[in-house]
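Task: produce atomic coordinates for the following.
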Amino acid sequence: MTFIFIRLFFVAMSGVVGYQLGFSVSNLEVSTAWTWAVLGLGCGGIVVALELILRPIYVRGLSAAVFGLLFGLILSKLITSAFLLVPMSPMLAQSVQLAFTLVFCYLGMIMALRSKDEFSLIIPYVKFEQEGKIEDLVLLDTSVIIDGRIADITKTRFIDGKFIIPRFVLRELQQIADSQDSLKRNRGRRGLDVLNKIQKSSNIDVRIHEEDFPEIHEVDAKLVKLAKKIQAKVFTNDYNLNKVAELQGVTVLNINELANALKPVVLPGEVMEVRLVKEGKEYNQSVAYLDDGTMVVVEGSRRLIGQRIEVEVTSVIQTAAGRMIFAKLTSQQQALEKVN
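The predicted structure follows:
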C-alpha cells in the first residue's frame, strides 16, 4: 500500500512540475501549461512503469554494473588519450573517442556482472554476493524456536545460510515470555534463550525482518505471505502451518520430519534389546521405547514388564505420529521363559 501511494504521489507531482514548466515557457498561457501538465503526468507514468519492469533486478548486480561502467570509462579515457597522440582531424578524433568509450563501457559492465564474485580482487574490501543467495533464506516460526532442537542442529553445521526472524514472530515470542501462565512463560523464555544460542553460531547469520502486514492478524498467515514475498523457506514443526504453506507453494523445513528421517532403520527379523516399561493396549502386550523415542510393541510379554530382554522385529509401521515397531520374543528368550 505504501508503494502505491508513493507512485501516485510521484505521478501527481510530475504533473505539477510539468504545469509549472509549461506556465513559465509559454509566457503565462494556461492552455499550454495544461498541455505540459499532461506531458508531465505521462513522463511520471513512464518512470513508474520502468520501475516496475526493473523490479526483478538485484541491487548487487546493479552495483557491479556501475563499478564496471566506471572502470570502462577510465580505461577508455586512458586509451583514447594515447591514441589521440597520432595527428588526425577533429571529426575523426571525436569518432574514435566515442567508439572507445562505448566499447570499453560495455565490456566493463559485462565483465563486472559475470565476475562479481571475484571483483574484490580488483577493488579491495568490495565483495558481491551471488544473486542466488535469496533461496538460502529461512524464516523461523515461533514453534520451532520454542522447540529448541534447532540450536543443536545449527551446532552440527548440517545447516547453514541466513535465518530470518520476522519482527511479528519475535513480538509473539515476547508475549509468550511475559504470559501470566507459568508454563507459557517458561516456554517463551526458553525460546529467547534458543535465539541467543543461534546468534552465537558462527555458521548462521541471524537477522530481524521488520516488515509487517497489519491487515493480517494471524502470525502463521503473515509468515506464509512474507515467505512468498522474499522467496524464503519456512522452518517449523507446526503441522497446520506446514500444510497451509505447502498449499501456497512455500517450501517448508519440518523439524519433526527431519527427526523421523534420522531414526535408525530396523528390518523384520532383526534382534534388539529393549526394556519393557508398561502394558500394551492388546492382550499380553507390553511397550518399550528406543533412545530416540520410537515405540516398540512386544507381543506375549506382559509378565516381563520391568525387565530388559531381547526381541525380534516382526514389522515396522510409519504413522503420522512417527515410526512404530512390532516385535516378539526371540526363540532364546522364549526358551528361558519355559525354563523359569
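
hey, let's count contacts and neighbours off CA atoms from now on
Fine.

Am I right that Val266 sits in a helix?
No: Val266 is assigned coil when assessed by DSSP: H, G, I helix; E, B strand; the rest coil, not a helix.

okay, which residue is most central for this structure?
Leu137 (2.1 Å; CA atoms, centre = their mean).

wouldn't that residue be in contact with Pro166 here?
No: the criterion here is CA atoms under 8 Å, and Leu137 misses it with Pro166 at 12.0 Å.

Quote the end-to-end distance of stretch 290-305.
With CA to CA, to the nearest Å as the measure, stretch 290-305 spans 15 Å from end to end.

Could you tell me how far that stretch lies from the centre of the chain?
Remark: stretch 290-305 is offset 41 Å from the chain centroid, using CA atoms, centre = their mean, to the nearest Å.

Equivalent analysis for stretch 314-333, please.
On the basis of CA atoms, centre = their mean, stretch 314-333 is displaced by 38 Å from the centre of the chain it belongs to.

So this structure: which segments form each domain?
Listed by automatic domain parsing, the domain ranges of the chain are 2-121, 133-260, 271-339.

May I see these arranged in a markdown table, with mean pLDDT as well?
What follows is the domains of the chain, written out as a markdown table (pLDDT from 0 to 100):
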| stretch | mean pLDDT |
| --- | --- |
| domain 2-121 | 75 |
| domain 133-260 | 84 |
| domain 271-339 | 83 |
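
what's near enough to touch the residue nearest to the centre of the chain?
161-164, 231-233 (CA atoms under 8 Å, 6 or more residues apart in numbering).

ok, now with 6 Å
Shown in contact with Leu137 (CA atoms under 6 Å, 6 or more residues apart in numbering): 162, 232.

Relative to Asn254, how far out is it?
Taking CA to CA, one finds Leu137 at 15 Å from Asn254.

ok, now Leu41?
From Leu41 to Asn254 the distance is 50 Å (CA to CA).

give me the number of residues near Ser179?
As a burial measure, Ser179 scores 15 neighbours (other CA atoms under 10 Å).

Over to Ile159?
By other CA under 10 Å, neighbour count at Ile159 equals 12.

Let's verify it: helix, strand, or coil?
Per three-state DSSP, the secondary structure class of Ile159 is coil.

Name the nearest residue to it, sequence neighbours excluded.
Nearest residue to Ile159, sequence neighbours excluded (CA to CA, 6 or more residues apart in numbering): Ile153, at 7.1 Å.

Okay, strands next: where are they in this structure?
137-140, 161-166, 204-209, 233-236, 252-254, 271-279, 285-289, 295-299, 308-319, 322-329 (DSSP state E).

Output the ones you listed as CSV; include the columns distance to Ala64.
CSV is the format used below for those (distance: least, CA to CA, whole Å):
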stretch, distance to Ala64
strand 137-140, 22
strand 161-166, 22
strand 204-209, 23
strand 233-236, 27
strand 252-254, 33
strand 271-279, 60
strand 285-289, 57
strand 295-299, 57
strand 308-319, 51
strand 322-329, 49
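
between those, which one is nearest to Asn242?
strand 252-254 (6.3 Å; CA to CA).

neighbouring contacts of the closest one?
233-237.

Gly188 contacts Gln175, doesn't it?
No: look at Gly188 against Gln175 with CA atoms under 6 Å: they stay out of range, at 7.8 Å.
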